[in-house]
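Chemist: how does the following fold in three dimensions:
(one chain, ligands or ions: 1)
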Amino acid sequence: MNLPKKVSKKRVSAPKTKKSVVKKSVVRRKVSEKSNLYPREELFSSGVDRDLYITTLRKIDDFLDLKLLKRVAIISDNDQDGVTAAVQLKLFLDSRKVDSKVFFYDHYTKSFSFPKEDFFKFNPEKTIFLDLNENFVSDILDEIGTKAGPCLLIDHHQSSMITDAPFRVVIIKPHSFSRVEPSRYPATKMVHDLFVGKDWVCAIGVIGDFAQEQWGSFIKFVLKKYSLTPKKLIELDDIVCCITSQYPEKINSLFEFLCKAKHPLELLNSEYVAFKNLFEFRLDILKELFYKEGEYYSDAGVYFFKADARFSGKLSNILSQQLPNQVVVIYEQPGEKIKCSIRRQDFKVNCGELAREGVRGLKSSNGGGHIPAAGASFLASDLAQFKKQVRLYLLNNPPKSVIVSRK
Ligand SMILES: [Mn+2]
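Modeler: Purely as a prediction, here's the structure:
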């Protein structure tokens, strides 16, 4: 926890008023400033509710019970947000002398970055899930069952039910302690704010999840602290995006690198940059092809385009920034299934709902996500049906005034 331990523990038991708690957090902020950390107080002017925040910290404290905890597994999504969130949580647990191991989960291939047996061998007492919604958590628990122990989920996707959890699952979402629109409160920023974060690593995940506007003063703080230009920060995100999306076999070593690196320049001078340059070159070609060959339906305001394997996430982000008031569906076919990235950045279409409706009734499919960004997967033979359902959904649910997510 970012509260000094003895203070936070006392707070849980002592019958103090909320006012006294607030005063103590102000004291802690001064300490933070001295140690060159992002001032926690800034959170409360960015939509975080002070009382709910303290309650959430206690909830996490109670779950972790650090005095007794020895071994905890972290299962995280494998994008920039998930990786940077895992780095920060791992470092926090290291600092508290808790043995932890990180397993990245690819929600498209439904595979771990380590053999599942490693998880069983590690034999955690508890498991913390990061940046994965309840459906994925249910799928994972289905596989690892009772081996996960009691679970904590820190996530910002639209909520659903967890099925078949053998132990209790404590769920923390942005709405647990803030009024921030969930897609704009990435898991990495939640971990940063609820534990002790690693600011520049967190900033990479914030950029990766398009949340830089929401956290403008935090991004400014990071730029200044490390003398980075905004361009360099985007380059850092591009490097992490490239490795996590293109070279899944390198994800564990990138993770170690981010844990150890003292300064963002280390990443900017690393061997990973060459991979990023190649990635960008291929992205440019795909962008050009999209504008030439993309399938466009003006009545529904939607583009479909088939990209090379592992490019759809990044490509859809870039294109939807250029076409903020259109739905952009970029798909790829890594195996017998097609996976899609669905984007529309102006919040006038709920992409998560669109993804769910697009795959409705399709065999071995899934779909869901945030309002501005979502994903879907289904059998390649269902592509035409998927496109039809997407268009129908859009015709029946034309863009409306900005949607604000309540879950
Ligand atoms: Mn995320």
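
Chemist: can you give me the strands in the stretch 201-350 of the chain?
Modeler: 295-297, 302-306, 327-332, 337-343 (DSSP state E, counting those that start in this stretch).

Chemist: among these, which comes closest to residue 39?
Modeler: Shortest distance between residue 39 and the strands of the stretch 201-350 of the chain, using C-beta to C-beta, is found for strand 337-343: 33.1 Å. Just so you know, the C-beta spots here come from the backbone N, C-alpha and C atoms, and that holds for glycine as well.

Chemist: what's the first helix or strand after the closest one?
Modeler: Once strand 337-343 ends, the next helix or strand along the chain (criterion: DSSP states H and E) is helix 351-358.

Chemist: mind listing what whichever helix or strand comes after that following helix pairs with, with the direction of each?
Modeler: Counting by DSSP H and E, the next helix or strand C-terminal to helix 351-358 is strand 366-369. Within its sheet, and counting by DSSP bridges, strand 366-369 is paired with strand 373-379 (antiparallel).

Chemist: and the strand it pairs with, how far from the chain's centre?
Modeler: Here the centre of strand 373-379 is set off from its chain's centre by 16 Å, with C-alpha atoms, centre = their mean, to the nearest Å.

Chemist: and the pLDDT for residue 40?
Modeler: We have a pLDDT of 89 for residue 40.

Chemist: show the backbone phi and psi for it.
Modeler: phi -60, psi -30 (degrees, to the nearest 10).

Chemist: can we start the residue count at 450 from this point?
Modeler: Yes, from this point I'll number from 450; that puts the last item at residue 489.

Chemist: that older thread, output the strands of the stretch 650-799 of the chain as a markdown table; include the columns mean neighbour count and mean pLDDT.
Modeler: Below are the strands of the stretch 650-799 of the chain laid out as a markdown table (neighbours: other C-beta atoms under 10 Å; pLDDT from 0 to 100):
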| stretch | mean neighbour count | mean pLDDT |
| --- | --- | --- |
| strand 744-746 | 13 | 97 |
| strand 751-755 | 21 | 98 |
| strand 776-781 | 25 | 98 |
| strand 786-792 | 24 | 96 |
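
Chemist: so which of those gets nearest the ion?
Modeler: strand 786-792 (13.2 Å; C-beta to the ion).

Chemist: now the closest one against strand 751-755, angle please.
Modeler: Computed by axes from the mean of the first three to the mean of the last three C-alpha atoms, to 10 degrees, the angle separating strand 786-792 from strand 751-755 equals 140 degrees.

Chemist: strand 786-792 pairs with which strands, parallel or anti?
Modeler: Sheet pairing for strand 786-792, assigned by DSSP bridges, gives strand 776-781 (antiparallel), strand 822-828 (antiparallel).

Chemist: next one: that strand to chain centre, how far?
Modeler: Computed by C-alpha atoms, centre = their mean, the separation of strand 786-792 from the middle of its chain amounts to 17 Å.

Chemist: can you list contacts of it?
Modeler: 557, 761-762, 764-766, 768-769, 776-782, 800, 803-804, 807, 813, 818, 821-829, 831-832, 835 (C-beta atoms under 8 Å, 6 or more residues apart in numbering).

Chemist: buried only: go through the residues you listed for me.
Modeler: 557, 761-762, 764-766, 768-769, 776-781, 800, 803-804, 807, 818, 821-827, 831-832, 835 (16 or more other C-beta atoms under 10 Å).

Chemist: want to try TSV for the strands paired with strand 786-792, with distance to the ion as columns?
Modeler: Shown next, in TSV, are the strands paired with strand 786-792 (distance: least, C-beta to the ion, whole Å):
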stretch	distance to the ion
strand 776-781	18
strand 822-828	9
